[in-house]
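Peer 1: here is the input, now give the coordinates:
(chains A and B)
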Amino acid sequence: MIDHADVAIIGAGAGGATVGAELAEAGAKVVFLEAGKDLDITYGSDSHFAATQSFLRTIDDGLFWHEQYEGRNWRTDMGECAGGGTTIYAGVLEESTPRDYGQWPISYEELLPYIELAKERYHVSRWPLEELSHYAKLMHEASGGMLGPIQAGYNREPYFEYGVYHDRCRKCRCCILGCRYNAKSNALTITLPKARWFDAEVRDNCLAVRLNTDLSGKKIESVTYLKRVKTGRFTEFVTRHTLRADRFILAAGSMMTPMLLNWSGRRGSALANSSGQVGKNLRGHFMRATYSILQRDDVRTYQGNLVELNDLYANYDKGYMLEFNMVAPPTYMGAMVEVMETADLVNLIGLPFKRLMRQYSRLVISAPLVRSFDNGFTENSVLPHASRKNQYGLPLPKVTFEPNAQESTWLEAGVAHAHSIMLAAGADPAQMYAGGIDVVHKVGTCRMGTDPANSVTDLNGKCWDLDNAWITDGSLFPAPLLANCAFIIYCLAYKTADAMLGRPRASAQAPSPALR
Amino acid sequence: MNRRDFIRYSSAAFFSALVADAAQESTLKISANIFEGAATSSAKGSVRPWAAITAAVDVLVPADPDIPGDFKGSDYGADKVLAESLGFAGQAFLTVLLNRYARAVARKKFTACSAGEQLDAIKKWVSEREGQLPLVRDMLTGMLSLSMIGTFEDNTAEDQTAVFTSMGWYDPEDPSGTFRLPNEGYVDSYTFPVMLKKGVRP
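Peer 2: Below is the predicted model:
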C-alpha cells in the first residue's frame, strides 16, 4: 500500500503529537506512524489503564522498551505507545532554571514564549503547598523549606477540550501507569486528541524502518514501515507499507530517531549525518532511588501526587536535583525489585520483604537526579550494534552510557542529602536503602546547533542535510539540563511548528480556537 | 493428549528452546520440565497456575509466623494473577528457570525442594540477574512483583479489604485515599455523565 500525506510524523509522543496538532490545526494532512499501540482514552476506561496495570502486562504490551546494552540489559522509561513516554511519565513539567541554558545555543529568554505556550496548552501549574499531602508538608518541613511543590501537569480543575474530558487529579499517585481519568496532561490526552480533532490519522503498531530519499539524497520521498498485528503472545503478522509525504518529522525519541537515521543510511553511514553527530552525545539523568521508613504513624505516603516535591534547583551547583515521590502499588514492588541493589534484594526477598511491605504506608522515597557533566559533547552514544539484530533483521542499538567520575560524585552527594532529609523527618536509620544506578530522561542523540559541522539540525529542528525533514524530540538537546526533559520537548516542538508554518510567534500565542 | 494440547505443549517447548538457546544455557533440561504442570493446566479461558508457580509465590509471600492466621501469596490468588499474566508458554518458561536454579542449589526440581531451598534458588537467580537477557530478567521481576501485587489484583472488595487490613494498607478512618485499585473509592471524585468515545465529536 502506498499513500500520501502532507506531513508524516514518526512517533506520536511528546514531540510528534505536539507538532502534529499544530500542523493539523493549520490544515495539513498529518499521518502519525506510531510503533506502539494506540490507547483508549475514554473517560474512566479500563482498557487504557489496565494495559499498564502491572509490570508484566506493561512489558507484554511493549510500553517499556528494552535497550540491549553491551554486557548488560537495562529497562528504560521510554514509552512505545500513543503518547510515547508521556503516557507513563509522572507529569513533572519543569523548564529548569535559566542558568541551566548556559551551554545551549538558545537562551532561556528566547525559549520563554514557547515555555508560556506549552504551559497554557498542557495546563501546567504549580500546586500550592497547602493543597499537597500531609506527607509533602512533612518533607517540606524536614528539608528546612528547601523542598517545594513541583510544576506539573496535574489538573486542579476539570475541563473539556477537543472531545476529551479531563477530570481533576485525585492524587491517586498512579500517574506512571497512565491516568484513566485524563487528569494528567500528556501527549496522549492533550495534543493527540487535538491532532485527531483536525483529522490527523494515527496508525498504530507501525514501526518505521527506513526513510527513502531521492537520488540526490537530500530529500525524503517516503517512509517504509511495518504494520504489526499480534496474533498471539509471542507471535505477530507483519506487512510492509510505504507512506509518501511532502514533509517528514522524526519524533521517535532519543533512542529510535538516531536508529532510524542509521537504518536509512547508505554504505554504513547514517542519513543526515554529515556532521557525524547522529547517535552521539547521549545524555540523561542518572538516578538512585532511595528509600526509608518513617517511624511515625501520622503519615500515609500513598496519599498524594506521584511526585509532589523537588528542591527547586537549590542544589543546582551541587549537580543534582532532589525529587520526593509518593508510592504507587506497582511502582513500589516493581521499582524495588528492579532498581534495588542486587545484594540488598537477595537479603530482603521472602518474609523480610513482606514485613517491609507491612510498613508501606510509612515508606518514603526520593529520587536524586544528576545531570550529565559535559560541555555539549560526550562519548556516550546510541549506535547500531555490529552484529546483533532485531526480529526484523535491523541492527539493534548499542548503547554506551556510563556515569563519569563527576556524575558519580554528584549522585552519591544527592543520595546522602536525601537520606539526611528522611532522617530529619523521622526515618528509621536502620532501614535506609538505595537502589542501583538508573538512567532516566535520555536525550541528545541528534543535537541541534548553529554549525552544520557539529550538529544534526538547526535551532528549529530542521535537518541540515535534508530539505524536507525535521526532528522534534529529546534527541535535539544540545547540552544537558537538570530538569525533567518532557516539558522542553513540548517547547521545542512548538518552536518547530512555528518554523514549519512560517508564522510569527504572536499567532501561536493566540488562544486556541478549538476550545469548544 | 489431544491435538490442541499437543500444539500448546510443543509450542511452549519450542519457545523455551529458543530462549534457552539464546541464553546459551545448554544445561537446561527443557523436555523434562515443560510438562510438569500440564496436569493442572486448563482450557476454556482461564490459565491455572502450575505447581512451581504457586510454590514460588508462597515462598516469596509466606505467612508470617509472628502473626496468627497470616496469609500466604496463593491465599488471595497471586499465583493465578501471575499465571494469567504469563500465559501457558510463560509459565513453562518460568518453571524451566525455577527448576534450573533449584537444581543448582539442591539438585532437584523446584517443587521437590523445601521452602528454604526454594527461597535459596530464587535468591541465586536474583544474584545472577545482572547481565541476563531482558526476557529472563523480566520473568524474575514479574514474579517478584506479582507475588505481592497479585494478592490485591482481581479480588473481590471483601478480599481486598482483608489483604489491605492485614498489611496495614487500609485505614477505614481515613477514606480519602487507600492502597486500593488505583482511583477507586475516592470520595471527592467527579463523575462525568457522558462516556466519551475516542474520535467522537459531541
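Peer 1: OK, contacts around A:Phe377?
Peer 2: A:Lys280, A:Asn281, A:Asn454 (Cβ atoms under 8 Å, 6 or more residues apart in numbering or on different chains). All C-beta atoms are positioned from the backbone trio N, CA, C, and that covers glycine.
Peer 1: hmm, the second one is touching A:Val443, no?
Peer 2: Which is A:Asn281. No. Using Cβ atoms under 8 Å, A:Asn281 is not in contact with A:Val443; the gap is 9.0 Å.
Peer 1: which one of these two has more residues nearby?
Peer 2: A:Asn281 (30 against 26; other Cβ atoms under 10 Å in any protein chain shown).
Peer 1: nearest residue to that one other than its sequence neighbours?
Peer 2: Distances taken as Cβ to Cβ, 6 or more residues apart in numbering or on different chains place A:Gly444 nearest to A:Asn281, at 4.8 Å, with adjacent residues excluded.
Peer 1: for A:Phe477, see how far away A:Gln103 is.
Peer 2: 10 Å (Cβ to Cβ, to the nearest Å).
Peer 1: A:Val307 bridge partners, please.
Peer 2: A:Val307 has these beta-bridge partners by DSSP bridges: A:Asn325.
Peer 1: hmm, back to that, touching, the residue nearest to A:Asn281 and A:Val278? I think so.
Peer 2: No. The pair A:Gly444 / A:Val278 is not scored as a contact, 11.5 Å apart, by Cβ under 8 Å.
Peer 1: ok so, going back, comparing A:Gln103 and A:Phe477, which residue is more hemmed in?
Peer 2: A:Phe477 (28 against 12).
Peer 1: I'd say the more buried one and A:Gly449 touch.
Peer 2: No. The criterion here is Cβ under 8 Å, and A:Phe477 misses it with A:Gly449 at 11.0 Å.
Peer 1: where along the stretch 351-500 of chain A do the strands fall?
Peer 2: A:363-370, A:381-389, A:395-400, A:427-434, A:438-443, A:469-471 (DSSP state E, counting those that start in this stretch).
Peer 1: okay, these, which one's buried deepest?
Peer 2: Mean neighbour count (mean count of other Cβ atoms under 10 Å in any protein chain shown) peaks for strand A:469-471 among those, with a mean of 28.
Peer 1: by contact count, what packs against that strand?
Peer 2: For strand A:469-471, the packing partners by 3 or more Cβ pairs under 8 Å, 6 or more residues apart in numbering or on different chains; DSSP states H and E come out as strand A:236-250, helix A:486-501.
Peer 1: which helix or which strand is home to B:Val105?
Peer 2: helix B:78-106 (DSSP states H and E).
Peer 1: mean confidence score for the helix or strand following that helix?
Peer 2: Sequence-wise, the next helix or strand downstream of helix B:78-106 (DSSP H and E) is helix B:115-127. Helix B:115-127 shows a mean pLDDT of 95 in the predicted model.
Peer 1: quick one: contacts of helix B:115-127?
Peer 2: A:342-343, A:345-346, A:349-350, B:55-56, B:58-60, B:62, B:97-98, B:101-102, B:104-106, B:110, B:113, B:140, B:143-144.
Peer 1: pull the longest helix from chain A.
Peer 2: Across chain A, the longest stretch assigned as helix under DSSP state H is helix A:405-424.
Peer 1: next, the buried residues of that helix.
Peer 2: Buried positions in helix A:405-424, judged by neighbour count with 16 or more other Cβ atoms under 10 Å in any protein chain shown: A:Glu407, A:Thr409, A:Trp410, A:Leu411, A:Ala413, A:Gly414, A:Val415, A:His417, A:Ala418, A:His419, A:Ile421, A:Met422.
Peer 1: which residues does it contact?
Peer 2: Everything outside helix A:405-424 that qualifies as a contact, by Cβ under 8 Å, 6+ apart, is A:139, A:142-143, A:147, A:286-288, A:290, A:292, A:294, A:315, A:318-322, A:324, A:364, A:366, A:368-370, A:372-373, A:403, A:427, A:429, A:432, A:434, A:437.
Peer 1: off-centre distance for stretch A:464-481?
Peer 2: The gap between where stretch A:464-481 is centred and where its chain is centred comes out at 16 Å by Cα atoms, centre = their mean, to the nearest Å.
Peer 1: related to what we said a few turns ago, buried ones among the contacts of helix A:405-424?
Peer 2: For the contacts of helix A:405-424, a burial check counting by 16+ other Cβ under 10 Å picks out A:139, A:142-143, A:147, A:286-288, A:290, A:292, A:294, A:315, A:318-322, A:324, A:364, A:366, A:368-370, A:372-373, A:403, A:427, A:432, A:434, A:437.
Peer 1: okay, helices next: where are they in chain A?
Peer 2: So, for chain A - with DSSP H - the helices run A:14-25, A:46-50, A:55-60, A:108-121, A:134-142, A:192-197, A:253-263, A:329-339, A:342-348, A:351-357, A:405-424, A:486-501, A:505-509.
Peer 1: what's the spacing between A:His419 and A:His134?
Peer 2: Per Cβ to Cβ, A:His419 is found 21 Å from A:His134.
Peer 1: right, and A:Ala469 touches A:Asp246 too?
Peer 2: No. The criterion here is Cβ under 8 Å, and A:Ala469 misses it with A:Asp246 at 10.9 Å.
Peer 1: and the next helix or strand past the lowest-mean-pLDDT helix or strand in chain B?
Peer 2: Least confident helix or strand of chain B, by mean pLDDT, DSSP states H and E, is helix B:30-33 with a mean of 27. Of the helices and strands lying after helix B:30-33 in sequence (DSSP H and E), the nearest is helix B:51-60.
Peer 1: tell me the mean pLDDT over that following helix?
Peer 2: Per-residue scores along helix B:51-60 average to 95.
Peer 1: can you state the direction angle for it and helix B:78-106?
Peer 2: For helix B:51-60 against helix B:78-106, the angle by axes from the mean of the first three to the mean of the last three Cα atoms, to 10 degrees is 90 degrees.
Peer 1: helix B:51-60 vs chain A: in contact?
Peer 2: Yes. Using Cβ under 8 Å from any Cβ of the partner chain, helix B:51-60 reaches chain A at B:Val59, B:Leu60.
Peer 1: for that helix, name the packing helices and strands.
Peer 2: Looks like helix B:51-60 contacts helix B:78-106, helix B:115-127, helix B:134-149 (3+ Cβ pairs under 8 Å, 6+ apart).
Peer 1: wait, isn't A:Cys81 in contact with A:Ile41?
Peer 2: No. Using Cβ under 8 Å, A:Cys81 makes no contact with A:Ile41, being 11.5 Å away.
Peer 1: where does pLDDT dip in chain B?
Peer 2: B:1-46, B:134, B:149-155, B:157, B:170-202 (pLDDT under 70).
Peer 1: and if we set it to 50?
Peer 2: B:1-45, B:177-202 (pLDDT under 50).
Peer 1: cool, the stretch 251-400 of chain A as well?
Peer 2: In the stretch 251-400 of chain A (pLDDT under 50), the answer is A:330.
Peer 1: tell me which residue is most central in chain A.
Peer 2: A:Gly85 (4.3 Å; Cα atoms, centre = their mean).
Peer 1: please work out which of the helices of chain A is packed deepest.
Peer 2: Of all the helices of chain A, helix A:14-25 carries the top mean neighbour count, a mean of 30, counting by mean count of other Cβ under 10 Å.
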